[in-house]
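Trainee: Show me the folded form of this:
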Amino acid sequence: MIRPHSLPPWLGHALRAQRAPVPWPAVVRGALAAGPLLLFAVVSGRPSSGVLLALGAMLAGVNDRPGTRRAALSRLGGPALAGALGMVLGSFLAGSGSVIVGVFAGLGLLGGALSAVGPVASAAGTQLLVTVAIGAGMPLPETGWQRALLFAGGAAWLIVLRVVLPSPVRGQRIGHPHGYLYDGERAAVAAVYDAVAALLDAAGGPDARARRAGLTAALDQAQDALRGRPAGTRRLRAQLGAAL
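Mentor: Numbers count the residues shown, from 1 in each chain. Purely as a prediction, here's the structure:
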């Protein structure tokens, strides 16, 4: 049996289980998203519609990151709209032969260009490419526009869950009159300091390596939560910079 510590560091890190805080709100949203939509559609005798609804919710869940409700609207909504457009385009390209190769090449270039704009644009470009492939290769009775509406409806369901479900830190005011506007960012930065404390506590012991991996995960989540956020998070950015 090959032990992780006998492997190269880059491979051992990829194979080693990472100990990071479990994002339970995101876990609950994931459990309530695609599965119930698909089950409801199957029971109603519309399984193909359920597949499209579940796809929209599932792909929106890929972009369900730490942050506030306001930030989630653009982070989830932008890629979802691009995915709905991809469904329409893919359905029109079904059976078009060699034309689809050129379209995919163009979409690949577009997605690469959008990735330089920011994380939301990058996710939108990726989702556009993925849904064009799905729309072109998945034979369904729905028309292109029906596919787009169902896909967007599934994504909208996850956005509703993201906005409605309570946050563990809801109600704290962080430099803004609108209550929990920056609660997600605050929790992400606080988790970094908790991880730093845990690592210092484990220094020199057998758990130090796992705690270091946990700190890396917390830093990644905090940087993602603060990426592209407005000036109201300036103090949180400074606190994260101190932790770094």
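
Trainee: Go through the one helix or strand Leu89 maps to and flag the buried ones.
Mentor: Mapping Leu89 onto the secondary structure by DSSP states H and E places it in helix 69-93. Neighbour-count burial for helix 69-93, with 16 or more other C-beta atoms under 10 Å as criterion, is recorded at 69-72, 75-91, 93. Using the backbone N, CA and C atoms, a C-beta is placed for each residue, glycine as well.

Trainee: which helices and strands does whichever helix or strand comes after it pack with?
Mentor: Read in the C-terminal direction, the helix or strand following helix 69-93 is helix 99-115, with elements assigned using DSSP H and E. Under the contact criterion of 3 or more C-beta pairs under 8 Å, 6 or more residues apart in numbering; DSSP states H and E, helix 99-115 touches helix 69-93, helix 119-137.

Trainee: Helix 99-115 versus helix 119-137: what angle between them?
Mentor: 170 degrees (axes from the mean of the first three to the mean of the last three C-alpha atoms, to 10 degrees).

Trainee: Now do helix 99-115: everything it contacts.
Mentor: Contacts made with helix 99-115 from outside it, assessed by C-beta atoms under 8 Å, 6 or more residues apart in numbering, are listed as 89, 93, 121-122, 124-126, 128-129, 132-133, 136.

Trainee: and which of the residues you listed is nearest Val164?
Mentor: Taking C-beta to C-beta as the measure, Val164 sits nearest to Ala124 out of those, at 23.9 Å.

Trainee: Now for the residue positioned nearest the centre of the chain: which residues touch it?
Mentor: The central residue of the chain, meaning the one whose C-alpha is nearest the mean C-alpha position (C-alpha atoms, centre = their mean), is Asn63 at 1.8 Å. Contact analysis of Asn63 by C-beta under 8 Å, 6+ apart lists 75-76, 79, 123.

Trainee: about what we covered before: please tabulate the helices and strands packed on helix 99-115 in JSON lines, including the columns distance to Ala31 and mean pLDDT.
Mentor: Shown next, in JSON lines, are the helices and strands packed on helix 99-115 (distance: least, C-beta to C-beta, whole Å; pLDDT from 0 to 100):
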{"stretch": "helix 69-93", "distance to Ala31": "17", "mean pLDDT": "87"}
{"stretch": "helix 119-137", "distance to Ala31": "22", "mean pLDDT": "87"}
